[in-house]
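Trainee: sharing a model prediction with you, sequence too.
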Amino acid sequence: MAFQIVRDVCTACGDCEPLCPTKSITPFKGVYKIDAETCTECEGESDMPQCVDACMEDDCIVPA
């Protein structure tokens, strides 16, 4: 499974992008998106998905 960013909640702060170990987070139409093909939910990298931990907006990054 992967995560996705809710466009209406994303503030385009960019805090999540540099933390992604698989480089799955990229700018997209003024906000950010997560590539579901490469997102691993940080398994093997961290106890918690780094993007979720870094995001300051509730319910912005959710399971796809």
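Mentor: Ah, there it is. Residues are numbered from 1 along each chain as shown.
Trainee: phi first, then psi, for the residue most central in space within the chain.
Mentor: The centre of the chain sits closest to residue 51, judged by CA atoms, centre = their mean, with a distance of 4.5 Å. For residue 51, the backbone dihedrals (degrees, to the nearest 10) come out as phi -70, psi -40.
Trainee: ok now do residue 32, which residues does it touch?
Mentor: 5, 10, 12, 14, 16-17, 25-26 (CB atoms under 8 Å, 6 or more residues apart in numbering). Where C-beta positions appear, they are placed from N, C-alpha and C, glycine not excepted.
Trainee: just the buried residues of those.
Mentor: 5, 10, 16-17, 25 (16 or more other CB atoms under 10 Å).
Trainee: nearest residue to the residue nearest to the centre of the chain other than its sequence neighbours?
Mentor: Once flanking residues are discounted, residue 51 sits nearest to residue 16: 3.9 Å by CB to CB, 6 or more residues apart in numbering.
Trainee: residue 64 versus the one you found, what's the distance?
Mentor: 15 Å (CB to CB, to the nearest Å).
Trainee: ok, residue 25 next?
Mentor: In terms of CB to CB, residue 25 sits 13 Å off from residue 64.
Trainee: now residue 2
Mentor: With distances taken as CB to CB, residue 2 is found 5 Å from residue 64.
Trainee: for the closest residue in space to residue 64 that isn't next to it in sequence, the count of nearby residues, please.
Mentor: Distances taken as CB to CB, 6+ apart place residue 4 nearest to residue 64, at 4.3 Å, with adjacent residues excluded. Neighbours of residue 4 under the rule other CB atoms under 10 Å: 15.
Trainee: quick one, what contacts residue 4?
Mentor: Counted by CB under 8 Å, 6+ apart, residue 4 has contacts 33-34, 36, 61-64.
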